[in-house]
Each structure stands twice: as C-alpha cells, then as structure tokens.
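Participant: Quick one, what's the 3D model for this:
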Amino acid sequence: MIGQWLMYARTEAIVAPQLAQSPIPPTPQEVRDAVTNQVFGVVGSSDLPLVWSFAHSLWLQLLLVVAVPGLLALVFGWLAFRSRVNGVYLSILTQAMTLALALWLFQNDSGFRGNNGLSGLQNLPGLDHVGQATLSVWFLWASAAALALFYALAAWLVSGKFGSVTRAIRDDETRVRFLGYPVEGFKLVVFTLAAMITAIAGALYYPQAGIINPAEMMPIASIYLAVWVAFGGRGRLYGAVIGAVVVSLLSSWFTGGRAPSIHLPGYVVNWVDWWQVLLGLSFVLVTLFAPKGIAGVFDLFSRKGDRA
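Facilitator: Numbering: from 1, shown residues only. The predicted model follows:
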C-alpha cells in the first residue's frame, strides 16, 4: 500500500510539471492518466489496476495498510478456526494462500511489474531536500519505536487473563474448549492482531529497502520467521526479537562475502551459496538439541544467579 503511494506520488511529481507547461492547464484526470502511462506503460498497459485505485491518497493507503490484512486475517481465520483447522494443517493453508497471492502479484494485472518490482521507493515525495542518511536514521527510529510499542502491547496481552487462556490453548486446546472458553475467539484475535502488526512492519520496511518485489510474499519469508523464533527461543516474546537480530546479522555476514571460504580438496565452500543450507541445518539442530534457543542461555544464567 505504502509502496503504491510512493510510486504514484513520485511519478506525479515528475509528470505534473511537464503537463503544466502546456497552454491549457491539465485536469486531475489527465494527470492521473499520465501517471498511469508512466508507471504501467513498461508492461504494456494504459489502465490503472483496481488495486491501485487509492494510490493517490496517502491517508487512505495508511488506513488500508491495517484494514486489508486485518480483514483478510479475520475472514480466513474465522473460516479456518470455525472448521477446527490447526497445527500443521493451518500452516499449510496459510502458506497456500500466501503463495496464491504472491503468484497473482507477479501478473501484470497487479501493476507490480513481476520479478522486476517497483524500485526507487526510498525517495520520499516532498522530502527531496533531506539526505538519504537522515531518512535512514528517521526510519530506524520509527522502526525501533514500532517494535517497542508492539512489544509492550504483546507483553500487556500475555500478562493478564487473555494471555493465560492463550497459553493454555497452545498447550491443550481441547481441555480449554471443554472448560467453556471460546477458543476460536481467542485464536482469531491473536491471528488478526498479528496480521495487522506484520502489515505495519512491511509498511516501514519497503521505504527503507527501496523496492517492492512480489517475491517477498513467497513462503520462504515465513520459513525465516520460524527460524527466527527457533533461534531466539519459543514461548518468549523477546526470543523472536533476539532471533531476528542474530539470524539477520549472520545472513548479512555470510551472504555479503565477509565469511571466509573453506578450501577443501577439489572444492571450495563459498558461504554465499551455502548459507541457506547452513541455516536449515542449524534450524534442525537447534530444534532437536536446544529447543529453548538463545533464551535458554539466559535462563541458565538466571538459575545460576538464583542458586548463588
């Protein structure tokens, strides 16, 4: 959503002054048509896709950032939880829906230019006088503030009765349902809230990355999330944060060419090519032998401190 507005506003800032040089001032519709031709002409289209209908309005896009994922999660979650779908079957369904959406976004009808994506989104309209380094710092602080806010929200939710029931559902859903709690309602709240938080994270991510590519919607992204949680420590809020930081830093180190290659007889191990293999192997080892992840190390030190 935010990427659509960034692309539309940036293109409008280019074509509007050009049209203003004509003897007759352009109408809003003519400006809109010029923006459409500029953005979608590369894929042979002169019509604005339906999903781009509100790309001209920042405030509507900000609203849709939260409303669309929340509504999708609400509808899908209600249908899934009502049918008692859980566990690996729920994971398969969500991955299938994500894959279907990603494949649709690859089509020219979506307006996202397939594998090429939309680039140049780090240039914010109206802030051309601000340096890129300054914008990066602004987004860094905005991301940190969002992380702190949602961490506090999650901590508040899990600290009360809602959190106790949610953990009980995780441990034994059948027993909680037998006790009379509306299990589907609790799961639906968590599912919808998680979708909305993820959408806000994506809205902060794309202006920093500078490009929107439908490949980011592929199921591999969800696998990375599972790896983050496994490395950081399951069952802990801070575990996912720690895992995301550690795995992201390691990924940058291995795939950025900083990790030294290993020279074997007749073969050279380049970590740029072998990083995903190493990550998958590490995920299996952590799951089998260190299920508490990095957070388990903190627990170990805290127990030693209590004994002392």
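Participant: if I look at the residue most central in space within the chain, how far off is Pro23?
Facilitator: Compute the mean C-alpha point of the chain, and by CA atoms, centre = their mean the closest residue is Gly202, 4.4 Å away. For Gly202, the distance to Pro23 equals 44 Å [CB to CB, to the nearest Å]. From N, CA and C alone the C-beta is placed, and that goes for glycine too.
Participant: Distance check, the residue nearest to the centre of the chain against Gly3.
Facilitator: Look at Gly202 and Gly3: by CB to CB, they are 9 Å apart.
Participant: Can you show me the strands along the stretch 51-200 of the chain?
Facilitator: 118-119 (DSSP state E, counting those that start in this stretch).
Participant: can you give me the helices for it?
Facilitator: Remark: helices assigned in the stretch 51-200 of the chain by DSSP state H, counting those that start in this stretch are 58-82, 87-105, 132-159, 161-171, 173-178, 183-209.
Participant: will you turn those helices into TSV that also has mean pLDDT and distance to Gln38?
Facilitator: Shown next, in TSV, are these (pLDDT from 0 to 100; distance: least, CB to CB, whole Å):
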stretch	mean pLDDT	distance to Gln38
helix 58-82	88	19
helix 87-105	82	20
helix 132-159	86	23
helix 161-171	88	48
helix 173-178	88	52
helix 183-209	87	20
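Participant: These: which one's closest to Leu249?
Facilitator: Distance to Leu249, taken as CB to CB, is lowest for helix 132-159 among the helices of the stretch 51-200 of the chain, at 15.1 Å.
Participant: Quick one: distance of stretch 150-168 to the chain centre.
Facilitator: Centroid separation for stretch 150-168 versus its chain: 22 Å, with CA atoms, centre = their mean, to the nearest Å.
Participant: Tell me how many other residues crowd Gly235.
Facilitator: Using other CB atoms under 10 Å, Gly235 has 13 other residues around it.
Participant: next one: Arg10
Facilitator: Neighbouring residues of Arg10 were enumerated by other CB under 10 Å; the total is 19.
Participant: Could you number the chain from 387 rather than 1 from now on?
Facilitator: Understood, numbering begins at 387; the last thing we discussed is Arg396.
Participant: C-terminal to the host helix or strand of it, what's the next element?
Facilitator: In the assignment (DSSP states H and E), Arg396 maps to helix 388-406. Moving toward the C-terminus from helix 388-406, the next helix or strand (DSSP H and E) is helix 414-426.
Participant: Now tell me what touches the helix holding Arg396 from outside.
Facilitator: For helix 388-406, the surrounding residues in contact (CB atoms under 8 Å, 6 or more residues apart in numbering) are 412, 416-417, 420-421, 424-425, 437-438, 441-444, 447-448, 451, 497, 504, 506-507, 509-511, 589, 592-593, 598.
Participant: Any of the residues you listed buried? List them.
Facilitator: For these, a burial check counting by 16 or more other CB atoms under 10 Å picks out 412, 417, 420-421, 424-425, 437-438, 441-442, 444, 447, 451, 497, 504, 507, 510, 589, 592-593, 598.
Participant: Go ahead and confirm Ala459 touches Ala585.
Facilitator: No - taking contacts as CB atoms under 8 Å, Ala459 lies outside contact range of Ala585: 9.2 Å.
Participant: Give me the contact list for stretch 435-447.
Facilitator: Counting by CB under 8 Å, 6+ apart, 387-388, 390-391, 393-395, 398, 418, 426, 434, 450, 495-497 sit against stretch 435-447.
Participant: distance of Phe440 from Leu450?
Facilitator: Using CB to CB, we find Phe440 at a distance of 7 Å from Leu450.
Participant: Neighbour count: those two, which is higher?
Facilitator: Taking other CB under 10 Å, Phe440 and Leu450 do not tie; Leu450 has more neighbours (20 against 16).
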